[in-house]
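Asks: just coords:
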C-alpha cells in the first residue's frame, strides 16, 4: 500500500470513515439506551406492589354522617356516608364557584357514599375532616393543615393552593353494602 | 532510567515507590510546596473543613449502615437500637446527624465567601460550577438521609418533596410513581433512598477531587482578588496553610462537638421521634434548616408548578453567576457600591430561611415574596448592572505591596527572610 493516497481517494476514505464512525456511535447510543431501560424500569412499581392494588370495604357498619379511612395502594381512602344536608350542599354549589369544576353527580356512584383518595392534590398531605372533632374547613368537607386547602362535602377544592379536587379511585359496588376499590 | 519517575525523595523505600508511582512527589508538589497567596484569611479554611466533615460523614455513615435496617417495619426501631443498645451508637449517630448540619454551615460560608471575593470569576468559572454540582449532590444526599430514620418528618418530608415532581406537566404523575416504586412513599422508596444515600457521598468525593484539581490549576483567589505576580506574593502551603487550617479545624470541631454532646437534637425536629404514619400528617411540616430558604421560595409562589420551577432555579442560577457578574474586579473590598447589595443578599437568604420555618400564612407570605424577589434580582439585575455602573476603588499593584506596605520591589526584598523561615 502506498503511504500517499491520491487526494481524491483520501477524501473518499474520510467520508466513508466518517459514515462508519457515525453509524457505530449511533448503534452504541441505541445499545446504551436499551441497556439502561431495564435498570430504569426496575424502579417502577414491582409486580407484587401492583398485585395488592385492590381493597374490599364493608359499608354496613358506617352510620349516616360517619366516615372511615381505609388503605388502598399505601394511600388513605376516605369513605364517607353523607347526610342529606351534605348532598344538598354539594349539589347546590354552582360550578362557577369551583376552581376545578365538576358536578357532584359525576363524583359518586350512589349519592350517600363519597369515596375518594384522602391525599391533598397540592403536595400530598392527608386532609383533616374524617373525625367528628376535626376541623372540616369552611365548606364542611375537609381541610388540609399543611398549606391550608379547603375541600367541600363532595371533596372538591374550594380555596387554597391545591390545584385539583380530591381524586376518585376506581371502585365498584359488589353488593348494596360493600365495595371493592381498585 | 527509562520508564521510572525521577524522584527526589531521600528515604530509599519511599524513593523506590515514588519512582514507580509518584504519589509522594505529587503530594509534595500539591500540598507542601504548592504556592498560595500570602494574604489568605480564615475565610479560606472552610473548603478544607468541608473536606474533613465529608470524610467524617462517610466514616460514621459506614458504621451506621452496619446496624441500620432499611425496611419500613424495622427502620425506626433499628435507629432506636443504635441509640440505646449499640456501643457508642448514640455518638456515631449524633456525629452523623449533626455532621450534616455542620457540612451545610461550612459549605454555605464557603459559598458566600466565593460570592464576596468574586472567586467564581475568570479563570475559576469551572471550579465554581463544580462546587455548585457538589452542593446539588449534597442536597440530594441530605434529603434522602433524613428519610431513613422513618419518623413522621422523614415520611412527610419525603412525600412533599417527591410530590414536587408531580407539578411537571403530562409526565409528572409517572415520574412520581417511578420515584416511589409504588403508589405512595413506602418500602420500595425507603430501600432505594438507602441505596442512593450510600452511593452519592462517593460521587461527591469524585466531584470534590475534580474541584481540587481545578483549584490547583488556577490556585486560590485571595481577599484582594489580585493574582499573585511572583514568589514575593505567595507562601508554600506547608507549613503555613496546614497549620492555619488545622487551627481553624480545631475551632470548628469545638463548635461541632458542642452540638453533638450538649444539644444533639437542637437542629433536628422532635416529630421525627414519632414513627412514620401514612394516615396522619403532622400539622406543620418543615424541612431541615438548611433547606428552609428554598422551601420558602417554593411556598412564596401561589402556583404549584411556578413554585417548583423557581425553587430549582434558585440553585441552578448559581451556575450562571460567573457570566452574570460583569464587573472585572473580583473582591468586594474594592466595590463600594456592590457591598451593601451583597449584604442585603445575605440578609434576604436569612429572611427566606426564617419564612421557611414559619407557617405559610399572615405576614410570612409577603415577606417570603420580598426575599424571593431580591434573591433573583441580585443575580439577574443587580450584579449585571453594577458591572456597568459601579466605579471600583483602585486595585493594589500586588499582594505584597498591600500586605507588607511600600512598593512592589522592597516588598519582594522583605518577603525573602520570611520565606526562609
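Replies: Done, it's in. Computed from a predicted model, the values in this text were never measured in an experiment.
Asks: and stretch B:346-366, average pLDDT?
Replies: Looking at stretch B:346-366 alone, the average pLDDT works out to 92.
Asks: got the buried residues for it?
Replies: Residues of stretch B:346-366 classed as buried by neighbour count (16 or more other CB atoms under 10 Å in any protein chain shown): B:348-349, B:351-360, B:364-365. Glycine gets a C-beta too; all of them are placed from N, C-alpha and C.
Asks: which one of the residues you listed is nearest to chain A?
Replies: residue B:360 (5.7 Å; CB to the nearest CB).
Asks: sorry, back to before: just checking: which of the buried residues of stretch B:346-366 also lie near chain A?
Replies: residue B:360 (CB under 8 Å from any CB of the partner chain).
Asks: just the ones of the buried residues of stretch B:346-366 in helices?
Replies: Residues of the buried residues of stretch B:346-366 located in helices (DSSP state H): B:348, B:349, B:351, B:352, B:353, B:354, B:355, B:356, B:357, B:364, B:365.
Asks: measure the last one to residue B:285 for me?
Replies: Think residue B:365. For residue B:365, the distance to residue B:285 (CB to CB, to the nearest Å) stands at 16 Å.
Asks: which stretches of chain A aren't confidently modelled?
Replies: The model of chain A has pLDDT under 70 over residues A:1-13, A:53.
Asks: let me see the ranges of the strands in it.
Replies: When assigned using DSSP state E, the strands of chain A occupy the ranges A:55-58, A:67-72, A:75-81, A:113-117, A:140-144, A:149-152, A:157-159, A:171-175, A:178-181.
Asks: want to throw these into a markdown table with mean neighbour count and distance to chain B?
Replies: Output for the strands of chain A, formatted as a markdown table (neighbours: other CB atoms under 10 Å in any protein chain shown; distance: least, CB to the nearest CB, whole Å):
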| stretch | mean neighbour count | distance to chain B |
| --- | --- | --- |
| strand A:55-58 | 15 | 12 |
| strand A:67-72 | 17 | 6 |
| strand A:75-81 | 22 | 5 |
| strand A:113-117 | 22 | 9 |
| strand A:140-144 | 24 | 8 |
| strand A:149-152 | 25 | 11 |
| strand A:157-159 | 20 | 12 |
| strand A:171-175 | 13 | 15 |
| strand A:178-181 | 17 | 12 |
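Asks: would CSV of the ones you listed with distance to residue B:133 be doable?
Replies: Supplementary listing: those in CSV, determined by distance: least, CB to CB, whole Å:
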stretch, distance to residue B:133
strand A:55-58, 44
strand A:67-72, 40
strand A:75-81, 35
strand A:113-117, 38
strand A:140-144, 36
strand A:149-152, 36
strand A:157-159, 39
strand A:171-175, 47
strand A:178-181, 44
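Asks: what does stretch B:211-228 contact?
Replies: Contacts made with stretch B:211-228 from outside it, assessed by CB atoms under 8 Å, 6 or more residues apart in numbering or on different chains, are listed as B:30, B:34-41, B:43-44, B:47, B:114, B:117-119, B:123-124, B:126-127, B:130-131, B:134, B:234, B:329-331, B:333-334, B:395-396, B:398-399, B:402.
Asks: of these, keep whichever come out buried.
Replies: Using 16+ other CB under 10 Å, the buried ones in the contacts of stretch B:211-228 are B:34, B:36-40, B:43-44, B:47, B:114, B:117-119, B:124, B:127, B:130-131, B:134, B:234, B:329-331, B:333-334, B:395-396, B:398-399, B:402.
Asks: filter those down to the ones in helices?
Replies: By the criterion of DSSP H, membership of the buried ones among the contacts of stretch B:211-228 in helices covers B:47, B:114, B:127, B:130, B:131, B:134, B:399, B:402.
Asks: out of those, name the two that are farthest from one another.
Replies: Of all pairs drawn from these, the widest gap by CB to CB lies between B:134 and B:402 and measures 31.4 Å.
Asks: about what we covered before: can I get the ones in helices among the buried ones among the contacts of stretch B:211-228 in JSON lines with distance to chain A and pLDDT?
Replies: What follows is those, written out as JSON lines (distance: CB to the nearest CB, whole Å; pLDDT from 0 to 100):
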{"residue": "B:47", "distance to chain A": "35", "pLDDT": "96"}
{"residue": "B:114", "distance to chain A": "33", "pLDDT": "97"}
{"residue": "B:127", "distance to chain A": "30", "pLDDT": "98"}
{"residue": "B:130", "distance to chain A": "25", "pLDDT": "98"}
{"residue": "B:131", "distance to chain A": "28", "pLDDT": "98"}
{"residue": "B:134", "distance to chain A": "25", "pLDDT": "98"}
{"residue": "B:399", "distance to chain A": "49", "pLDDT": "91"}
{"residue": "B:402", "distance to chain A": "52", "pLDDT": "85"}
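Asks: so for residue B:316, which of the strands of chain A sits nearest?
Replies: Taking CB to CB as the measure, those were each checked against residue B:316, and strand A:149-152 came out nearest at 28.7 Å.
Asks: which strands and helices sit next to the closest one?
Replies: strand A:140-144, strand A:157-159 (3 or more CB pairs under 8 Å, 6 or more residues apart in numbering or on different chains; DSSP states H and E).
Asks: near chain A, which residues of chain B are found?
Replies: Within reach of chain A by CB under 8 Å from any CB, chain B has these residues: B:156, B:159-160, B:162-164, B:177-186, B:188, B:192, B:278-281, B:283-285, B:299, B:302, B:304, B:360-361.
Asks: break chain A into its domains for me.
Replies: Each structural domain of chain A that the record assigns through automatic domain parsing is listed here as a residue range: A:9-44, A:49-181.
Asks: most residues in a single helix of the chain, which one?
Replies: No chain was given, so I picked chain A. For chain A, the helix that runs over the most residues, judged by DSSP H, is helix A:7-42.
Asks: if you could check chain B rather than the one you did, that'd help
Replies: For chain B, assigning by DSSP H, the longest helix comes out as helix B:187-218.
Asks: and it with helix A:7-42, angle?
Replies: Following axes from the mean of the first three to the mean of the last three CA atoms, to 10 degrees, one obtains 140 degrees for the angle between helix B:187-218 and helix A:7-42.
Asks: show the pLDDT at the residue nearest to the spatial centre of chain B.
Replies: With distances taken as CA atoms, centre = their mean, residue B:107 lies nearest the centre of chain B, 3.0 Å away. The predicted structure scores residue B:107 at 98 on the pLDDT scale.
Asks: so which strand or helix has it?
Replies: Using DSSP states H and E, residue B:107 sits in helix B:89-116.
Asks: give me the number of neighbouring residues for the residue in the stretch 201-350 of chain B that chain A sits nearest to.
Replies: As assessed by CB to the nearest CB, chain A sits closest to residue B:281 within the stretch 201-350 of chain B, at 4.1 Å. The criterion is other CB atoms under 10 Å in any protein chain shown. On that basis, residue B:281 has 25 neighbouring residues.
Asks: mind listing the helices for the stretch 201-350 of chain B?
Replies: B:242-262, B:292-300, B:304-324, B:338-357 (DSSP state H, counting those that start in this stretch).
Asks: now those helices in TSV, with distance to residue A:58?
Replies: Listed next are the helices of the stretch 201-350 of chain B as TSV, based on distance: least, CB to CB, whole Å:
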stretch	distance to residue A:58
helix B:242-262	52
helix B:292-300	41
helix B:304-324	37
helix B:338-357	44
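Asks: hmm, back to that, tell me which of the strands of chain A lies nearest to residue A:28.
Replies: The stretch from the strands of chain A with the least distance to residue A:28 (CB to CB) is strand A:75-81; that distance is 41.9 Å.
Asks: what strands flank the closest one, and is each parallel or antiparallel?
Replies: Strand pairing for strand A:75-81, using DSSP bridges, gives strand A:67-72 (antiparallel), strand A:113-117 (antiparallel).
Asks: show me how far it is from its chain's centre.
Replies: In terms of CA atoms, centre = their mean, to the nearest Å, the centre of strand A:75-81 is found 15 Å from the chain centre.
Asks: mind listing residues that contact that strand?
Replies: Outside of strand A:75-81, the residues that reach it under the criterion CB under 8 Å, 6+ apart are A:55, A:57, A:59, A:62-71, A:86, A:112-119, A:126, A:130, A:142, A:155, A:166, A:169, A:179, A:181, B:183-184, B:278-279.
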